[in-house]
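dropping the sequence and predicted coords here.
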Amino acid sequence: MISPQGAMTTSVDRSPSAKHGGLGKLVLGLLVGLSIAAFFYFNLGHYLSLDGLKSNRDDLLAFTEANYSTSVAIFVIAYCVVVGLSLPGGAIMTLGGGFLFGSVLGTLYVNAGATVGATLAFLVARYLLREWVEQKFGNRLGSIQQGFAKNAFSYLLTLRLIPLFPFFLVNLVSGLTRVNVGTYMVATSLGIIPGSFVFAYAGRQLGTINSLTQIASPNVLLAFTLLGLLALVPMLYKKVAGKSA
């Protein structure tokens, strides 16, 4: 039997923990918000535009050739930051990766940066918002959460393969679900390979590209969509097999 004094101590012990948790969320939210605000205030997006990349390509190529390992590290870290903060410019960075490192290695480095960055965005969204979302909409989201958790890999692979779904939005929304972090990382890493390779390959012909629409043509988008739909086949098969059993 727990004495009133013990109960009081437990209550007091929990209060600082809750306060520290709330303070941690506040600090993290402020850091993310200030980082995003600084990006736009200092117009850093200019360097992540097609014109910015093309105008600096000679300097970037010279630096990469003279400092290859450093360039790879800077590129991967910068990609993590851009994706982790949900900033615009991922497609341009993928073009730059292909231009600087080649289509295969460029795809590899992009995959590393994008996967880690997407996981950071996922974890931030989960830490800052999931508890609030579940408290606010828990009754309505219960069945959706269960369905997503059960078929998370197929769902995520489809969302990654079909470019109609914004990359940053999938990161944030996934963080509000109960999907396992490992499943999220594997599905993300595999799902972004085709798109990353297409843009990295196009980066080798950077001088001839005047718009991203030249790369993401209707035929390319259709191919990605079909790949995404194929990722749903195992899930649909399980449902059909379960009904016929």
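Received, thanks. Numbers count the residues shown, from 1 in each chain.

so how far is stretch 59-70 off the chain centroid?
Mean C-alpha position of stretch 59-70 versus that of the full chain (Cα atoms, centre = their mean, to the nearest Å) differs by 27 Å.

just give the nearest non-adjacent residue to Leu129, would you?
Leu176 (6.1 Å; Cβ to Cβ, 6 or more residues apart in numbering). All C-beta atoms are positioned from the backbone trio N, CA, C, and that covers glycine.

what do you get for Gly29?
With Cβ to Cβ, 6+ apart, the residue lying closest to Gly29 is Leu128, at 5.9 Å.

one more: Leu48?
Gly89 (2.9 Å).

just say helix, strand or coil for the nearest residue to Ala152 once chain neighbours are set aside.
What sits nearest to Ala152 in space, not counting adjacent residues and going by Cβ to Cβ, 6+ apart, is Val179, at 4.2 Å. Three-state call for Val179 (DSSP: H, G, I helix; E, B strand; the rest coil): coil.

gap between Val179 and Tyr68?
The gap separating Val179 from Tyr68 is 36 Å, by Cβ to Cβ, to the nearest Å.

comparing these two, which residue is more hemmed in?
Val179 (21 against 12; other Cβ atoms under 10 Å).

hang on, isn't that one packed against Asn151?
No - judged on Cβ atoms under 8 Å, Val179 makes no contact with Asn151 at a distance of 9.9 Å.

hang on, the earlier thing: and the gap between the residue nearest to Leu48 and Phe39?
For Gly89 relative to Phe39 (Cβ to Cβ), the value is 9 Å.

those two: which is more packed in?
Gly89 (21 against 18).

who's in contact with that one?
Taking Cβ atoms under 8 Å, 6 or more residues apart in numbering as the contact definition, Gly89 lies against 45, 48-49, 82.

got the phi and psi for it?
phi 130, psi 0 (degrees, to the nearest 10).

nearest residue to Phe148 in space, please, no chain neighbours.
Thr177 is the one closest to Phe148 (Cβ to Cβ, 6+ apart), at 5.0 Å.

look at that neighbour and report its pLDDT.
pLDDT recorded at Thr177 is 87.

what's the answer for the one 4 residues further on, then?
pLDDT for Val181: 95.
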